[in-house]
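[1] the following block contains a protein sequence and its predicted model.
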Amino acid sequence: MGAVLYAMAAWRGRWPRWRVAVFFMGSALTLFAAWGLNDPLASMTDYTVALMTLGQVVSPFLLLGFTPVARMQWRSQGNRWWAAWLLDPWVAAAVFVLLTLGVNLPGVFKTALADALFSAPIGLLLLISGSMLWAQLLPGSTGIGQRWVAGIYAWLVGLPMMIIAAVWVWSGHVLYTPYLDVLCLWNLSPLADQHYAGLVMFAAGLPLQLRAAWLLIMPAEAELKRPHGMPREP
Amino acid sequence: MRAASAAPPAPGTLRRPASWRASVLRAVIASAALMAMLFAGARLQQHAVALHGTPLAPSPAPAFAGFTDTQGRVFSWGNERGRAVLVFFGYTHCPDVCPLTLAALARSLSMLGPLRQRVGVVFVSLDPARDTPIVLRAYLDAFIPNAIGLRGLPSAVAASARQWDVTWRHVKAAEGADWIDHTAAVTLVGPDGRLLARYGYGQLTNPAWLAADLRAALESR
C-alpha cells in the first residue's frame, strides 16, 4: 500500500529514477531485515545486521527516496502536529540515544538485545528512531538552524552507538549470557560472534559519522545549488 | 506532491528555527514515554529477560513417563509444585561434562541459603543399563545428595529425550570404552511446572548466574 502511494507520488512529481530505486531498495532491505529478526538467538552478528540494517540503512534509503521538496512538505500546515514530534531534532536525538542505550546495554530496562521476544518491536523502534535522526541530516526535513550544529549533532548522537560497538569488539567476555548456549551460525564461538556483531555496528555507524563530517566540512552551497527534485518554475 | 517555490532548507540553513524550549519539552515527554514503554515491556517479559539462561517458551514440563527414581518411585511434576527444578540428562560413566555440570549445579545451589530447600535437581540417565539404582544413587550423592535420579527403559529414555530436546549417540572409544555424546544442557522448570530457561555449560561457569535465576524464579512466585 505504502509502495503504491509512493510510486504514485513519484510518478506525479517526476522524481529522479535513482530516488525511486533507492526507496525500493530500502523497502527490499526492510524485508531482508525482518527475516533476520526471526531468530535473534541464532547469532548475535546476524541479529545485529538485521537491527542495524533497519536503523542505519533502511531509514536513510527510505528518506532519500523522497525529494527535498517532498520532505519539506512534511512540515506543511496539515502535518504540523506530527511533524512537531517526529521532525524535531531534540526529540529525534533523545529517542535515538535512549533507544541505543536501552536496547544494546545489557540490563538497561531489562530489554537487552539478546531477548528474542522483543526483536520485532525493537526492530520497528530502531527503524522509526533512525528515520527521525536521518531526517534531521537531510535537506528539506531538517529542523537544525546551523550547519555546524547539524554536524556536531550527528556526531554526538552517533557516539553512543560507536562506544557500544567498541565495547562489543574489545570485550574479553560474552556480555549477553543467553548467547553462551547458542550454536551460532558459521561455527563462531559466542565471543567471536559478539566481536563480529560489534564490527557490524561500527560499519553501520559509519554513514552517520561521514554525514557528520560532510556537514562540518562541506559548504551549504554544495547542497543548495542544485537541490534534487526541484521542479522548474512555471 | 505540490511544487514549492523556495529551495528546501539543507541542514544548517533553516530560516525559522523552532522554539528550543518547546523542543526540549517534547524531547522530555518522548523520552519519558519511551522509557515507560521499555519498562512496561520489561515487566511483561519479566521471566524471560531477567534470566541468564536461554529463555524457553513457558510450556508445561514434559512428564517422565515410564521412569522411576532410585527408590523405585514414579516421578510426578505435581509433587514438585512450588519448587524450581533443574533437569539434566547424562550418565554416570560420563568422563567430563556430566560431573562438571553437576559440580557447577552444586556450587550454584550452595549460594541459595534457605531457598535451597525449594530447588530440586532431576538427573535423567541416558545409560540405564549401566546406571543401576545403586550406581546412580552413589553417583548423585557425591555431588547433590538429594538429587532425584531417574531411570527408564531405553524406549522411554528415547521418547523423553526427544521431548526435552536432548540428542545423544553412543560412541565406541578406541580403548573399548562406551561413551555417549549428548546434549549437555540443564533445563530450569519454574515453580508452576512450566519451562523457564536452558543453560549450556558456558552459562553455568559463573555459579552466581544460575543462583540469581533460581532466586528470581522462586521469589517472583
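    Structure received.
[2] for the record, mean pLDDT for the longest helix belonging to chain A?
    For chain A, the helix reaching the highest residue count under DSSP state H is reported as helix A:190-217. Average pLDDT, helix A:190-217: 92.
[3] for that helix, which helices and strands make contact with it?
    helix A:44-52, helix A:147-170 (3 or more CB pairs under 8 Å, 6 or more residues apart in numbering or on different chains; DSSP states H and E). To be clear about C-beta, it is placed using only N, CA and C from the backbone, and glycine gets the same treatment.
[4] reformat those as TSV; add distance to chain B, mean pLDDT and mean neighbour count.
    Shown next, in TSV, are the helices and strands packed on helix A:190-217 (distance: least, CB to the nearest CB, whole Å; pLDDT from 0 to 100; neighbours: other CB atoms under 10 Å in any protein chain shown):
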stretch	distance to chain B	mean pLDDT	mean neighbour count
helix A:44-52	13	90	25
helix A:147-170	2	93	19
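[5] can stretch A:56-68 be found next to chain B?
    Yes: residues of stretch A:56-68 contacting chain B under CB under 8 Å from any CB of the partner chain: A:Thr67, A:Pro68.
[6] endpoints of that stretch, how far apart?
    Start and end residues of stretch A:56-68 are separated by 19 Å (CA to CA, to the nearest Å).
[7] after the helix or strand of chain B with the lowest mean pLDDT comes which helix or strand?
    Lowest on mean pLDDT, DSSP states H and E among the helices and strands of chain B sits helix B:46-50, with a mean of 52. Later in the chain than helix B:46-50, the nearest helix or strand by DSSP states H and E is strand B:54-55.
[8] is that next one up against chain A anywhere?
    Yes: using CB under 8 Å from any CB, strand B:54-55 comes into contact with chain A via B:Thr54, B:Pro55.
[9] note down every partner strand of that strand and its orientation.
    strand B:195-199 (antiparallel) (DSSP bridges).
[10] from the chain's centre, how far out is the partner strand? Work that out for me.
    2 Å (CA atoms, centre = their mean, to the nearest Å).
[11] and it, which residues are buried?
    B:Leu195, B:Leu196, B:Ala197, B:Arg198, B:Tyr199 (16 or more other CB atoms under 10 Å in any protein chain shown).
[12] show residues contacting the helix or strand just after it.
    Heading C-terminal from strand B:195-199, the first helix or strand you meet, by DSSP H and E, is helix B:207-219. For helix B:207-219, contacts defined as CB atoms under 8 Å, 6 or more residues apart in numbering or on different chains pick out A:177, B:47, B:50-53, B:84, B:104-105, B:107-112, B:115, B:118-119, B:186, B:188, B:190-191, B:196-197, B:199, B:203-204.
[13] the same query, at a cut-off of 7 Å, please.
    By CB atoms under 7 Å, 6 or more residues apart in numbering or on different chains, the residues outside helix B:207-219 that reach it are A:177, B:50-53, B:84, B:104, B:107-108, B:111-112, B:115, B:118-119, B:188, B:190-191, B:196-197, B:199, B:203-204.
[14] quick one, which of those are buried?
    Using 16+ other CB under 10 Å, the buried members of those are A:177, B:50-53, B:84, B:104, B:107-108, B:112, B:115, B:118-119, B:188, B:190-191, B:196-197, B:199, B:203-204.
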